[in-house]
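Colleague: Provided below for reference: sequence and predicted model.
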Protein chains: 2
Amino acid sequence: MVFTSHMDLALAEARAAAARGEVPVGAVLISPAGEVIARDGNRSRERADPSAHAEMLVIRAACAATGSERLPGHTLYVTLEPCAMCAAVIAAARIARLCYGASDPKSGGVAHGAKVFSHPQAHHVPEVLDGIGAVEAETLLKTFFATRR
Amino acid sequence: MVFTSHMDLALAEARAAAARGEVPVGAVLISPAGEVIARDGNRSRERADPSAHAEMLVIRAACAATGSERLPGHTLYVTLEPCAMCAAVIAAARIARLCYGASDPKSGGVAHGAKVFSHPQAHHVPEVLDGIGAVEAETLLKTFFATRR
């Protein structure tokens, strides 16, 4: 089941990221019991860390909290199609389900470009659901970039 | 120019990783001035972090040290072909040159599978040199897995 309330939390994290001057992408990680165990937005500028994407931050936080490199049975909500880096860490963490919002033809690595889950080198492939909350996620990104260019 | 002494440092990091019970992969990051600015090996088990690959750790360390998300002019030496996650963060960090040792048909994301640098969604493509110190890197990995299986 897809919970739009979880994507609403991810969208709130995306808005908070925009307010910090970061590309507005947010993510929420849900435990097998259905609880929100991590939520965050992009912090790559703030932390001077090219890996500090929303997905990476919530996966690292949840792994640290559980003391495990793997998060089987977990669901990740993210407002934008993950890039190749984030898709690969989602596979490495054995996340059961990925629900994402807007499509990312420019930098995406799930449905575009590297298509990380479409090769045998991805040792785990999550269930993927796309388009959830896509309109709001896309509007946030367009507004952010429109004011910067 | 490729410095085998830099790959020797990366191989030493790989051996240190094996001694910690981690998959033996090591990486070294070289500044544009030719100095070693970060060196590390895999720590994904130790840190319970699926992103704690050698490449990711040296990139994060160098970015933290320089206060920048980007490392133009830098060269990364790593003993094994990077996975899709590490290839993507290498692109994101704008690393100028990637020198790697052993080929990784099973999990690699540069010459295999996702081939992260071969798509327009990789906004930067480093110069890639492979096979440097490959025999020693491969021997380390084979010995490690032989004693574990």
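Modeller: Sure, I can see it.

Colleague: please count neighbours and contacts with C-alpha atoms only from this point.
Modeller: Will do.

Colleague: element containing residue A:59?
Modeller: In this structure, residue A:59 sits in helix A:54-66 according to DSSP states H and E.

Colleague: following that helix, which helix or strand shows up next?
Modeller: Following helix A:54-66 in sequence, per DSSP H and E, is strand A:75-80.

Colleague: can you list the strands that that next one pairs with?
Modeller: strand A:26-30 (antiparallel), strand A:97-102 (parallel) (DSSP bridges).

Colleague: any idea which of those is most buried?
Modeller: Most buried of the strands paired with strand A:75-80 by mean neighbour count (mean count of other CA atoms under 10 Å in any protein chain shown) is strand A:26-30; its value is a mean of 28.

Colleague: secondary structure class for residue A:17?
Modeller: Secondary structure, DSSP: H, G, I helix; E, B strand; the rest coil: residue A:17 is helix.

Colleague: who's in contact with residue A:32?
Modeller: Contact analysis of residue A:32 by CA atoms under 8 Å, 6 or more residues apart in numbering or on different chains lists A:72, A:73, A:74, A:75.

Colleague: nearest to residue A:105 among those?
Modeller: Nearest to residue A:105, judged by CA to CA, of the contacts of residue A:32 is residue A:75 at 23.0 Å.

Colleague: surely the closest one meets residue A:30?
Modeller: Yes: applying CA atoms under 8 Å as the test, residue A:75 and residue A:30 come out as touching, 5.1 Å apart.

Colleague: you'd agree residue A:2 is in a strand?
Modeller: No: applying three-state DSSP, one finds residue A:2 to be coil, outside a strand.

Colleague: residues in contact with the residue nearest to it when sequence neighbours are not counted?
Modeller: Counting by CA to CA, 6 or more residues apart in numbering or on different chains, residue A:2 lies nearest to residue A:99, which is 7.8 Å off, once chain neighbours are set aside. Each residue near residue A:99 by CA under 8 Å, 6+ apart is listed here: A:2, A:75, A:76, A:77, A:78, A:128, A:129, A:130, A:132.

Colleague: before we move on, what about residue A:140?
Modeller: A:14, A:15, A:24.

Colleague: try it again with 7 Å
Modeller: residue A:24 (CA atoms under 7 Å, 6 or more residues apart in numbering or on different chains).

Colleague: can you report phi and psi for it?
Modeller: Torsion angles at residue A:140 (phi, psi; degrees, to the nearest 10) stand at phi -60, psi -50.

Colleague: please report the distance of it from chain B.
Modeller: 21 Å (CA to the nearest CA, to the nearest Å).

Colleague: do residue A:28 as well
Modeller: Relative to chain B, residue A:28 is positioned 17 Å away (CA to the nearest CA).

Colleague: with residue A:138 instead?
Modeller: In terms of CA to the nearest CA, residue A:138 sits 18 Å off from chain B.

Colleague: name the helix or strand for that residue, please.
Modeller: Counting by DSSP H and E, residue A:138 is part of helix A:134-148.

Colleague: tell me how far that helix lies from the chain's centre.
Modeller: Taking the mean of its C-alpha atoms, helix A:134-148 sits 16 Å from the chain's own mean (CA atoms, centre = their mean, to the nearest Å).

Colleague: what about the residue of chain A found nearest chain B, neighbour count?
Modeller: Per CA to the nearest CA, residue A:85 is where chain A lies closest to chain B, at 3.8 Å. The burial count assigned to residue A:85 is 28, neighbours taken as other CA atoms under 10 Å in any protein chain shown.

Colleague: follow-up on the earlier one: buried ones in the helix holding residue A:59?
Modeller: Residues A:54, A:55, A:56, A:57, A:58, A:59, A:60, A:61, A:62, A:63 are the ones in helix A:54-66 that count as buried (16 or more other CA atoms under 10 Å in any protein chain shown).

Colleague: so it versus strand A:75-80, what angle?
Modeller: 160 degrees (axes from the mean of the first three to the mean of the last three CA atoms, to 10 degrees).
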